[in-house]
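Chemist: Predicted model, plus sequence, below.
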Amino acid sequence: MSATQHIFDDGNALAEGLADAVSSRLAAAIETHGAASIAVSGGSTPKVFFRALSQRELDWAKVTVTLVDERFVPPESDRSNHALVAANLLTNRATAANFVPLYHEAATADDASALASAATTGLAPFDVVVLGMGTDGHTASFFPGGTRLKEALDPATPRGVITMEADGAGETRLTFTFSSLHDAGFLVLHIEGNGKKEVLAQAELPGDEAEMPIRAILRRAASPLQVYWAP
Ligand SMILES: O=C(O)[C@H](O)[C@@H](O)[C@H](O)[C@H](O)COP(=O)(O)O
């Protein structure tokens with residue numbers, strides 16, 4: 001499926017443009033089926049976008065927000081994506097949104113992923129998924145060399161949350177599987193900077209998906225991918 005590029009002058013224009021597009025999609029979902037769902041990524045890129053989206057007028061009480069992936073750390077950790085979303089998205093007009101965390105206090109990350117799968121049953125297909133991408137070509141927690149990469153990317157793996165460990169990942173991760181994310185009503189890849197533009201160009205060349213897992217989304221997502229980029 002070919003990607004559509006949305007190019008902005010700078011990071012602020014990108015954040016505002018993406019917030020406009022995402023809020024329109026959420027509003028349309030509420031209009032059509034009375035509720036809307038969105039899964040967002042962590043990392044440094046989405047912060048300004050989260051702030052912009054939190055200021056959009058929406059019936060936020062009808063919006064469920066969750067994460068594409070999370071570290072197996074409690075929300076008090078400064079490495080927590082939950083904390084990032086709580087501070088930057090679930091604020092301003094969006095305080096009424098319903099947030100479903102992936103992290104659960106549990107003996108093992110596997111137990112936590114089972115709890116996260118149960119808590120998110122029925123949410124996918126999401127109305128909106130916003131993915132990020134690392135300079136190693138990972139997206140969500142689909143890391144090159146990841147312990148469960150094959151399973152995560154296998155379209156036959158059911159929707160849900162699984163664990164992932166990888167050298168580049170730091171903590172054990174909890175991640176939605178490819179099958180949970182690829183058919184979102186509005187599927188976005190949100191990236192900034194010339195470095196990531198080059199990584200994306202590299203990912204678009206022939207090569208092994210396992211080397212640059214973003215290729216799974218570029219090549220096999222059921223929904224057309226919308227790339228939002230600024231220098
Ligand atoms: O960190 C996370 O929570 C996500 O797993 C990850 O996929 C992220 O979207 C990319 O690593 C990009 O991160 P940056 O925006 O910090 O470059």
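Modeler: That came through, no problem.

Chemist: So which bits of this protein are right by the ligand?
Modeler: For the chain, the contact set with the ligand under CB under 6 Å from any ligand atom comprises 41-45, 69, 81, 132-134, 138-141. Bear in mind the C-beta positions are built from the backbone N, C-alpha and C, glycine included.

Chemist: so of the residues you listed, which ones are in helices?
Modeler: Assignment to helices by DSSP state H places the following of the residues of the chain next to the ligand there: residue 81.

Chemist: who's in contact with the helix or strand in which residue 65 is found?
Modeler: If you go by DSSP states H and E, residue 65 is part of strand 63-67. Contacts to strand 63-67, defined as CB atoms under 8 Å, 6 or more residues apart in numbering, come from residues 26, 30, 35-42, 81-82, 85, 89-90, 94, 97-102, 120, 123.

Chemist: Any figure for the gap between residue 214 and residue 108?
Modeler: From residue 214 across to residue 108, the span is 28 Å (CB to CB, to the nearest Å).

Chemist: Between these two, which has more neighbouring residues?
Modeler: residue 214 (26 against 11; other CB atoms under 10 Å).

Chemist: phi, psi of the more buried one?
Modeler: Taking degrees, to the nearest 10, you get phi -60, psi -20 for the backbone angles of residue 214.

Chemist: Pull the contacting residues for it.
Modeler: Contacts of residue 214 by CB under 8 Å, 6+ apart are 131, 133, 137, 138, 139, 142, 189, 200, 203.
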